[in-house]
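Trainee: Task: produce atomic coordinates for the following.
(one chain, ligands or ions: 1)
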Amino acid sequence: MSNPTMKSDLVFAAGTKRPAKANVVIIGNGALGLFLADELIERQVGSVVVVGPSHRDTGASQAAGAMLGCFGETTTETLRTDAARTRFELGLSAHDKWPETLRRLDEFAPSDRPLQTTTESHIILNSVGAELDTVNFAAIIDALDQYERPWKEVDPADIPGYHPRTESRALRALHLPTEGAVDARGVLASLERRLRHGGAILLDQTVRRLVGSDEEVTAVELDDGHLIEAGTVVVAAGIHSESLVRTVFDVPDLMPTFPGLGFAMIAKRTGGEPFTSVVRTPNRGFACGLHVVPQGGGLEYYGATNRLVHTVSSVTWMADVRFLAQYSMQQLDERAATHEVTKWCTGNRPVTLDGFPLVGWMPLSGLYLMTGTYRDGFHCAPLLAEHVANELQGKSGIIDSIFQPMRKPVATRTVEWSIDEYVTHSLAAWFETGAQAAPQMTTSQLTDYYRNLAVQTYEQLGVDYALGPDILWYAQGNLHGARRVARYLRAFKGDGDVAEPTGATTGTGGTR
Ligand SMILES: Cc1cc2nc3c(=O)[nH]c(=O)nc-3n(C[C@H](O)[C@H](O)[C@H](O)COP(=O)(O)OP(=O)(O)OC[C@H]3O[C@@H](n4cnc5c(N)ncnc54)[C@H](O)[C@@H]3O)c2cc1C
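Mentor: Numbers count the residues shown, from 1 in each chain. I've put the predicted structure just below:
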């Protein structure tokens, strides 16, 4: 790829509110964009402009629970293949960066409340979900042991704040003393203050298009037509990144990203014992599990839903409100019923077709892409910032090259495996959402129903790349989505011309 180093001949006119030139223009003011800007300012690379609307409507970072989770996010898939293990270890490295990151931000915090709201997590196993909870709970323990991280099994009744309805109580729980959470909105505000203090320019606008030729990107055009010439343009606009890149570089084999619309709420506790740690289930059907995250100041974050949708929006589904409110009261704390909701959080996770991030130089000179972080991008942002800053400066990166944006989709499963996973997730979602079937209908009939749906979807798609359960669900339920998935996969010669499934490192392997 091009771009060994940033051009350094562009001069930034100090004091100019809307500069005509900058060394680096970062599009996007979410966690990825702001942490990168902070790293670049720290390294004194020249002028840095961040463009992004202050409301951050539809953005993921402003809605995040910001759990700093590695092991809490582990599933049966996490360590099964080399690629997934590499992704997991990216998160592990990111975890180590947070103490220093928080020290840097501390003096810029917008209030007296600590940015780190807790340093520990409890993982609960109840029977409201399905078999997926059980196997993911076991996978968490297995991963903790493999990586020799501290944990212990505790009596769920001893978890501070945890008072579920008795029929939904957990019978097992793990204590993870080193996985906590930060106040996402506080961290974003602190970063902005630190950036302003350090001389970065933050523009409360959007970029309409990238400006350049077939070979290079030279500028960005803002929504009001103002042009900023840039040595390097970094697109870190979350779910909007793909469409922005396509304003200058529209090729069929650019991996699609899908909005993972998520909903959560922040509520003020009105009574009862507060939570002092993250309390969460393992990752569940198509989503990140039910969790509560202490926010400080008597506030608690209850999250989160995830559904892949065709159109980016900031709407909240009534079904999601019902789901989250009911199950928070039922599975976490009965007293949540009288909490006062102070903020509705809706955002779109950037979900790539193969589930892995897109981080690296694009074929056009001067254009860099960082997105696709799905459900742990807040956690990974400081590490990704360090990696990208290195690459912008022509130094060696610190993450694996498999995340290059123009790659073929990474393959980690066979179609048979994908269908099995889809069935498992669908059953988990069925039970978790309290769906009802006729009393005489058995679980094996439900299983057959979902298996048939998955098989039919593959027949209709006509592709042999094995999709993750969430993408298969999306393609199954959405005609436009199915076309988009199929069009992209067919862009590779012979449909199947994608990376071979990566080697299995444990368990039954990637060739099932
Ligand atoms: C409900 C929910 C809960 C989550 N919980 C966690 C968690 O506990 N831990 C964790 O690590 N991660 C979590 N995530 C995932 C995490 O939030 C994302 O992976 C990460 O924040 C993505 O950051 P980003 O900067 O790439 O994108 P975003 O945060 O989406 O930021 C992109 C920014 O670009 C701006 N933008 C868009 N278009 C333009 C344009 N044309 N011009 C300029 N700016 C533009 C947007 O306004 C937005 O602010 C969660 C996500 C959701 C939705």
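
Trainee: could you pull out the helices for the stretch 151-300 of the chain?
Mentor: For the stretch 151-300 of the chain, applying DSSP state H, counting those that start in this stretch gives helices covering 184-198, 241-245.

Trainee: same question but for the chain, I mixed them up
Mentor: 31-42, 82-106, 131-146, 184-198, 241-245, 318-331, 377-392, 415-432, 443-461, 469-477, 479-490 (DSSP state H).

Trainee: The ligand: which of those is closest?
Mentor: helix 377-392 (2.2 Å; Cβ to the nearest ligand atom). Where C-beta positions appear, they are placed from N, C-alpha and C, glycine not excepted.

Trainee: ok, residue 314 touching residue 346?
Mentor: Yes. Assessed by Cβ atoms under 8 Å, residue 314 is found in contact with residue 346 at 4.8 Å.

Trainee: And for residue 165, the neighbour number?
Mentor: 13 (other Cβ atoms under 10 Å).

Trainee: Excluding covalently adjacent residues, which one is nearest to it?
Mentor: Excluding its sequence neighbours, the residue lying closest to residue 165 (Cβ to Cβ, 6 or more residues apart in numbering) is residue 330, at 5.0 Å.

Trainee: How many neighbouring residues does the residue lying closest to residue 390 once chain neighbours are set aside have?
Mentor: Setting aside the residues directly before and after it, residue 390 is nearest to residue 397 in space (Cβ to Cβ, 6+ apart), at 5.4 Å. By the criterion of other Cβ under 10 Å, residue 397 has 16 neighbours.

Trainee: Show the model's pLDDT score for residue 252.
Mentor: Listed pLDDT for residue 252 reads 88.

Trainee: is it true that it touches residue 487?
Mentor: Yes. At 6.9 Å, residue 252 and residue 487 qualify as touching, with contact defined as Cβ under 8 Å.

Trainee: Let me have the helices of the stretch 151-300 of the chain in CSV, adding mean pLDDT as columns.
Mentor: As requested, the helices of the stretch 151-300 of the chain are exported to CSV (pLDDT from 0 to 100):
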stretch, mean pLDDT
helix 184-198, 98
helix 241-245, 98
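
Trainee: Please tabulate the ones you listed in TSV, including the columns distance to residue 300 and mean neighbour count.
Mentor: Shown next, in TSV, are those (distance: least, Cβ to Cβ, whole Å; neighbours: other Cβ atoms under 10 Å):
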stretch	distance to residue 300	mean neighbour count
helix 184-198	14	20
helix 241-245	31	21
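
Trainee: can I get the ones you listed in JSON lines with distance to the ligand?
Mentor: Shown next, in JSON lines, are the helices of the stretch 151-300 of the chain (distance: least, Cβ to the nearest ligand atom, whole Å):
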{"stretch": "helix 184-198", "distance to the ligand": "7"}
{"stretch": "helix 241-245", "distance to the ligand": "6"}
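
Trainee: Present those helices as TSV; the columns should include distance to residue 75.
Mentor: What follows is the helices of the stretch 151-300 of the chain, written out as TSV (distance: least, Cβ to Cβ, whole Å):
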stretch	distance to residue 75
helix 184-198	23
helix 241-245	26
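
Trainee: still on that earlier bit, go through the helices of the chain and name the closest to residue 291.
Mentor: Closest approach to residue 291 among these (Cβ to Cβ): helix 318-331, 9.3 Å.

Trainee: list the helices and strands the closest one packs on?
Mentor: The contact analysis (3 or more Cβ pairs under 8 Å, 6 or more residues apart in numbering; DSSP states H and E) places helix 318-331 against strand 257-268, strand 299-303.

Trainee: Tell me what angle that helix forms with helix 415-432.
Mentor: With axes from the mean of the first three to the mean of the last three Cα atoms, to 10 degrees defining the directions, helix 318-331 sits at 70 degrees from helix 415-432.

Trainee: to the chain's geometric centre, what's the distance from helix 318-331?
Mentor: A distance of 22 Å separates the centroid of the chain from that of helix 318-331, by Cα atoms, centre = their mean, to the nearest Å.

Trainee: Do me a favour and average the pLDDT over that helix.
Mentor: 95.

Trainee: Over to stretch 222-229?
Mentor: 97.

Trainee: hmm, that stretch in reach of the ligand?
Mentor: No. Using Cβ under 6 Å from any ligand atom, stretch 222-229 never reaches the ligand; the gap is at least 7.7 Å.

Trainee: Endpoints of that stretch, how far apart?
Mentor: With Cα to Cα, to the nearest Å applied, stretch 222-229 spans 11 Å between its terminal residues.

Trainee: which other residues reach it?
Mentor: Contact with stretch 222-229 is made by 10, 18-22, 25, 49, 51, 203, 205-208, 211, 218-221, as judged by Cβ atoms under 8 Å, 6 or more residues apart in numbering.

Trainee: Now the buried members of these.
Mentor: By neighbour count, with 16 or more other Cβ atoms under 10 Å, the contacts of stretch 222-229 hold 10, 19, 21-22, 25, 49, 51, 203, 206-207, 211, 218-220 as buried.

Trainee: restrict these to contacts with the ligand.
Mentor: Within these, those near the ligand by Cβ under 6 Å from any ligand atom are 51, 206, 207.

Trainee: Let me know whether the second one touches residue 53 as I believe.
Mentor: Yes. In this structure, residue 206 sits in contact with residue 53. The criterion is Cβ under 8 Å, and the distance is 5.7 Å.

Trainee: tell me the contacts of the closest residue to residue 144 other than its chain neighbours?
Mentor: Nearest residue to residue 144, sequence neighbours excluded (Cβ to Cβ, 6+ apart): residue 151, at 4.6 Å. Residue 151 sits next to 71, 141, 144, 174, 175, 176, 177 when contact means Cβ under 8 Å, 6+ apart.

Trainee: Take those and lay them out in CSV including pLDDT and distance to the ligand.
Mentor: Formatted as CSV, these follow (pLDDT from 0 to 100; distance: Cβ to the nearest ligand atom, whole Å):
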residue, pLDDT, distance to the ligand
71, 97, 13
141, 98, 21
144, 98, 19
174, 98, 18
175, 98, 19
176, 98, 14
177, 98, 18
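
Trainee: and the two most separated of those residues?
Mentor: Most distant of the contacts of residue 151, by Cβ to Cβ, are 141 and 177, 14.7 Å apart.

Trainee: Those two - which one has more neighbours?
Mentor: In terms of neighbours (other Cβ under 10 Å), residue 141 is the more surrounded of residue 141 and residue 177; the figures are 16 against 13.

Trainee: separation between that one and residue 147?
Mentor: Computed as Cβ to Cβ, to the nearest Å, the residue 141 to residue 147 distance reads 11 Å.
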